[in-house]
Structure formats: C-alpha cells, structure tokens
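In: 3D model of this:
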Amino acid sequence: GNLRGNLLYYPKVAITLQTPIKTKEGESMMRMQNVPILTIPSTVSGSITFAHRIDEESPLKFITSEAKFQSLEEGDLIFSVAFSAFDSTFHSDIVSSKKYFVKDLGFAKRFGDIMESKDGVNFVNWTKFNTYVEVDAKEAYMNLAKLGRKPA
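Out: Residues are numbered from 1 along each chain as shown. Down below sits the predicted model:
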C-alpha cells in the first residue's frame, strides 16, 4: 500500500512464479515463469490489486481443486513481485518488492476491498489490508469447465 497517498504515475509490476525443479543432471534449481496480469492503470493512489487469469496459458493451471492447493508445501510456489512508479510529490521513482509463499495464499479467495467512502470522501481503510474474501468455489469450478478442464 501507499501510506502517504501520493499519486504514483506509470506504475509497472512484474510477477514471477518460482517453482523448484530438478534438472536431468539431478541439480536442484528454481524455474522462473512470468505471471501475466490483466491491467495496469496509468496512476495509483492508496492501493492496487493486480489480477491474473488462470487459463490454459497460466503457470498456475495445475491447481484445479482445493485439495491440490492444500497439498502444496511451503517451497512449492513462491511469487516474487516487483513494483515501481514515479512519485509525483517527491519527483522520483519508487521501487518495492515482496515475496509471497504458499502460507500467504488462499484457494477460492481474493483480497478484500480496502477502499471506502464516507460523506462523499474516498479513503483507504488500512485495517482491512491483507484481508481475504471468499470467492464462490462453484463459480471458479464453472470457469475451469469452460476451459475444458475438470477439477481434480
């Protein structure tokens, strides 16, 4: 989140999925895969949530059920997020990075909305930061079916 509430221009985000693999030679390493996001606005103030569509091209397409998600171990998925933008108040670039692990994720969940309005004034409710909202699992499964995939 942007605690100062400064207007940030030209935001850029890169999300990389890191998964452990073994090479043919038996060496352990992390596979790095780009996680495409749906939209990036031209400005940001307060907070922003980036969305990724899980389809046949997604590096997350193997997670087809809550059981598969629950079977993930801590090092199985690591999301590395890098964010940068131009801060209009300080007239300089800002950068931030964060790693998300399996314990930070949820199946059929999304981040809750932290933007609120009172008496016509919009503001960020920081007490709701990093809260989750349940997503209808039936709807998620129907979306998988539209892709020709069955939940495991």
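In: secondary structure class for the residue located most distally from the centre of the chain?
Out: For the chain, the residue at maximal distance from the C-alpha centroid (Cα atoms, centre = their mean) is residue 25, at 32.9 Å. Using DSSP: H, G, I helix; E, B strand; the rest coil, the secondary structure recorded for residue 25 is coil.
In: so how far is residue 19 from it?
Out: 18 Å (Cβ to Cβ, to the nearest Å). For glycine as for every other residue, the C-beta is placed from the backbone atoms N, C-alpha and C.
In: how about residue 53?
Out: For residue 53, the distance to residue 19 - Cβ to Cβ - is 19 Å.
In: among the two, which residue is more densely surrounded?
Out: residue 19 (14 against 11; other Cβ atoms under 10 Å).
In: sheet partners, orientation included, of the longest strand seen in the chain?
Out: Across the chain, the longest stretch assigned as strand under DSSP state E is strand 8-22. Strand 8-22 has its sheet partners listed here by DSSP bridges as strand 28-34 (antiparallel), strand 43-44 (antiparallel), strand 78-87 (antiparallel).
In: stretch 42-50: how far from the chain's middle?
Out: 13 Å (Cα atoms, centre = their mean, to the nearest Å).
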